[in-house]
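J.: sequence plus the predicted model coming up.
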Amino acid sequence: MPNKSDTDLDPPEIEDIGSNPAPGRGLGDMIAARLTRRAALRGLAGAGAAAALTEALVTEAIAQPMPVPMQGGPSTLTFPELRHQLSQTQAVAEGYEAQMVIRWGDPVLEGAPAYDPKAQTKEAQAKQFGYNNDYLDYWPLPAGSGSSDHGLLCVNHEYTNTNLMFEGVGEGRAARGRTNAAQVGIEIAAHGMTVVEVKKENGTWRSVPGGRFNRRITMETPMRVSGPAAGHPRLQTRADPSGTRVLGTLNNCAGGNTPWGTVITAEENFNNYFGGAAAETDPQAEAYKRYGIQKDATWSWGRHVERFDLDKEPNEPNRFGWVVEFDPYDPESVPVKRTALGRFKHEGATHAVSHDGRVAFYMGDDERFEFLYKFVTARPWNRDNPAANRDLMDEGTLYVAQFAERGRMRWLPLVHGTGPLTAENGFANQADVVIEARRAATLAGATPMDRPEDVETNPVNGRVYVMLTNNSRRTPQQVGPANARAANLHGHVVEVIPPGAGTPQVDHTATEARWEVFIAAGKPGIDPGTRYHRATSETGGWLSCPDNVAFDSKGRIWISTDGAPVAAGIADGIWAADTDGYGRALTRLFYQAPTGAEVCGPRFTPDDRTLFLAIQHPGEDPGSTYERPSTRWPDFKEGEPPRPSVIAIVKKDGGEIGS
């Protein structure tokens, strides 16, 4: 998601105003109760070899932390660890190289012109790689081959930095109010997704312009609406009286995939594109407010395109904030907005197959004091008949998480007629529940979280890892005595442990689970409440503001960050750690981004020999402009702005990443 401002941890691009009117007792309180000395020792010791340590040995390890060796030691990760930096360019661990795969403006579709920042058009951008790439997914070619050298990259394009795209518009948020109709058209075409063929030849990755599977999905791509909200009056507009057809997908942050071979892209901060007096006067004003929709939109699209003007199309925002499914191998397939999974600021939606074949999708709502969700399909997925899975995500149960003390949690159903979700509270049917999922979750008793972003399941141990980036506005009244971080500047990672985790009988459909704090980020010895396994302030191993996450085939966690420059004075990057054994939660710094950029979408190829990374908004620093950017990464050409890009990291000897 967008980076942080220099005055607060809230990105000016998304106006994270904290729209939950009654956050109540937050996860901070639960952590305070959970992280007693005994629980902390148990969590830090981990499993495997660490389980054999006595309490005295663990206490000694915490009380007297040792410097992390550059190679070897308790971690199974052997790369030489980086030291923290802030630089105009990137850095990667010794023995590895970062290869450029594709950049903003590079040709994708047949007939796309070459990148020329001084000759941009809407038509050109619709055929070129979009802006601010976030979520990544890799699909082998041919389909089902398992190839790690030839495939498709599916890439989200979350938002645009107007001040870095166009000359003469100035800096910061104000630049977005100075765009003309032509520039707005370019920005609209730069959103959405790209599907692009990629190949590794002679050890080097490259994109394939004009590949037969290549595709651009933009804000003008026709999409179908399915599930309980399809056809609802609140989704009907003048352009679509049926409420079942939508043009485009907006502010796509992270995403996921399905076991039947489709991509899920998640719509996050859609609220910033809609504005008008109706934000305060329309009958939906309270609902608008709950999603952060305001009179003055962040982008000026509503001045040039009617559907972003609430006074002309008050229902258009209700058509965004969903997860969208499509087939990456079929460029003609119609994307589908799956409304059964709820409407909120989706960071992503990642799947886990349960013991009985049903599929759970875990989702975070990326705003402070918002919630963690999951959706469980009503039926098992069918391995032998892909067509039977076509609308599997339209039937099932949406849940929201409620955390309790002593490491327990419950998944509360968001089902019409259950508890307070009745007509008396404004929910006439399930469509109302999913359209106003935030309000439904609040009434149901969900636990307010510290900006839940990516949520992923570890394929080896079956546990679910929740990235909680930060919450600078948590007050002392919202924390307990064991958690001194009244303003959670650095965030943390929560580990959810479903019944049967680590066995074939893992139950992701269960309504109860256990939880632990895997990492509480920040600088050890400096920032109160940090929790690592033997990390010290002298190494690059400590991190701040966890955002996205991936796992390699060994079950090791790879965490990307967003906001570390503001919160901690270090560049955002990629940290890796074991999730079990003596190296559990011992994070090591592998990659750091150029100034202003966050790192998104970590994705491994099946053989673990390539790690794809999305480097988003390089140069997004205070005062940075098209004419005078804080960096010109990755091309460093005089007179040209920085370019969001996808890179591939490989080991120089061709080996597996991290080992």
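T.: Cool, the structure landed. None of the values given here were measured: they were computed from a predicted structure.

J.: next up, the contacts around residue 212.
T.: 197, 331 (CB atoms under 8 Å, 6 or more residues apart in numbering). Heads up, the C-betas are built off the backbone N, CA and C, glycines and all.

J.: sketch out the low-pLDDT regions of the stretch 351-500 of the chain for me.
T.: 477-486 (pLDDT under 70).

J.: got the residue ranges for the strands in it?
T.: Ranges of strands within the stretch 351-500 of the chain are 359-364, 368-370, 372-377, 396-403, 408-413, 449-450, 452-457, 464-468, 492-497, based on DSSP state E, counting those that start in this stretch.

J.: out of these, the one nearest residue 96 is which?
T.: strand 452-457 (22.7 Å; CB to CB).

J.: can you tell me the closest non-neighbouring residue to residue 256?
T.: residue 350 (3.9 Å; CB to CB, 6 or more residues apart in numbering).

J.: gap between the closest residue to residue 388 other than its chain neighbours and residue 374?
T.: Leaving out its chain neighbours, the residue that sits closest to residue 388 by CB to CB, 6+ apart is residue 382, at 4.0 Å. In this view, residue 382 and residue 374 are 21 Å apart by CB to CB, to the nearest Å.

J.: for those two, indicate the residue with more neighbours.
T.: residue 374 (25 against 14; other CB atoms under 10 Å).

J.: enumerate every residue touching that one.
T.: 360, 361, 362, 363, 398, 399, 401, 411, 508.

J.: what strand or helix carries residue 570?
T.: Using DSSP states H and E, residue 570 sits in no helix or strand.

J.: I'd say it and residue 83 touch.
T.: No: contact criterion CB atoms under 8 Å: residue 570 and residue 83 do not qualify, at 9.6 Å.

J.: who's more crowded, those two?
T.: residue 570 (21 against 11).

J.: dihedrals phi and psi, that one?
T.: Phi and psi for residue 570, reported as degrees, to the nearest 10, are phi -130, psi 160.

J.: check residue 278 too.
T.: Per degrees, to the nearest 10, the backbone of residue 278 is at phi -60, psi -20.

J.: how close does it sit to residue 314?
T.: Counting by CB to CB, the gap from residue 278 to residue 314 is 5 Å.

J.: shared neighbours, the two?
T.: Residues touching both residue 278 and residue 314 by CB under 8 Å, 6+ apart: residue 284.

J.: need the contact partners of stretch 349-357.
T.: 255-259, 264, 266, 323, 341, 359-363, 375-376, 380-381, 454-457, 462, 464, 500, 504-509.

J.: what's the end-to-end length of it?
T.: End-to-end span of stretch 349-357 (CA to CA, to the nearest Å): 18 Å.

J.: list the contacts for residue 459?
T.: Here residue 459 is in contact with 551, 553, 555 (criterion: CB under 8 Å, 6+ apart).

J.: an error on my part: the question was meant for residue 147.
T.: Going by CB under 8 Å, 6+ apart, residue 147 touches 140, 141, 606.

J.: how does it look with 6 Å?
T.: Residues near residue 147 by CB atoms under 6 Å, 6 or more residues apart in numbering: residue 140.

J.: equivalent analysis for residue 501, please.
T.: 462, 463.

J.: do that again at 10 Å, thanks
T.: Residue 501 sits next to 457, 458, 461, 462, 463, 464, 495, 507, 508, 513, 514 when contact means CB atoms under 10 Å, 6 or more residues apart in numbering.

J.: look up how far residue 644 lies from it.
T.: From residue 501 to residue 644 the distance is 36 Å (CB to CB).

J.: kindly report the same for residue 89.
T.: 15 Å.

J.: next one: residue 343
T.: From residue 343 over to residue 644 (counting by CB to CB), the distance is 27 Å.

J.: between the two, which one's more packed in?
T.: residue 644 (32 against 25).

J.: residue 387 contacts residue 327, correct?
T.: No: between residue 387 and residue 327 there is no contact under CB atoms under 10 Å: 11.8 Å.

J.: ok so, going back, what is the most widely separated pair among the contacts of residue 501?
T.: Once CB to CB is applied, the contacts of residue 501 give 495 and 507 as the farthest pair, at 16.3 Å.

J.: circling back: show me which of the contacts of stretch 349-357 are buried.
T.: Applying 16 or more other CB atoms under 10 Å to the contacts of stretch 349-357, the neighbour count classes 255-258, 264, 266, 323, 341, 359-363, 375-376, 381, 454-457, 462, 464, 506-509 as buried.

J.: who are the contact partners of residue 593?
T.: Residue 593 neighbours (CB under 10 Å, 6+ apart): 3, 85-87, 89-91, 560-562, 564-565, 571-574, 599-600, 613, 615-618, 631, 633, 647.

J.: how many other residues sit next to the nearest residue to residue 20 once chain neighbours are set aside?
T.: Counting by CB to CB, 6+ apart, residue 20 lies nearest to residue 369, which is 4.2 Å off, once chain neighbours are set aside. For residue 369, the neighbour count with other CB under 10 Å is 24.

J.: measure residue 369 to residue 264 for me?
T.: From residue 369 to residue 264 the distance is 25 Å (CB to CB).

J.: following element in sequence after the least confident helix or strand in the chain by mean pLDDT, please.
T.: Sorting the helices and strands of the chain by mean pLDDT, DSSP states H and E puts helix 55-63 at the bottom, at a mean of 26. Counting by DSSP H and E, the next helix or strand C-terminal to helix 55-63 is strand 91-92.

J.: following the host helix or strand of residue 516, which helix or strand comes up?
T.: Per DSSP H and E: residue 516 is located in strand 512-520. As assigned by DSSP H and E, the chain's next helix or strand after strand 512-520 is strand 546-551.

J.: C-alpha coordinates for the helix or strand following that next one, CSV please?
T.: Using DSSP H and E, the next helix or strand after strand 546-551 towards the C-terminus is strand 557-561. Provided in CSV are the C-alpha atoms of strand 557-561 (Å, rounded to 0.1, in the frame of the first residue of the first chain):
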residue,chain,number,x,y,z
ILE,A,557,8.8,-16.4,6.0
TRP,A,558,9.8,-13.5,3.8
ILE,A,559,8.4,-10.2,5.0
SER,A,560,8.3,-6.9,3.0
THR,A,561,7.8,-3.6,4.8
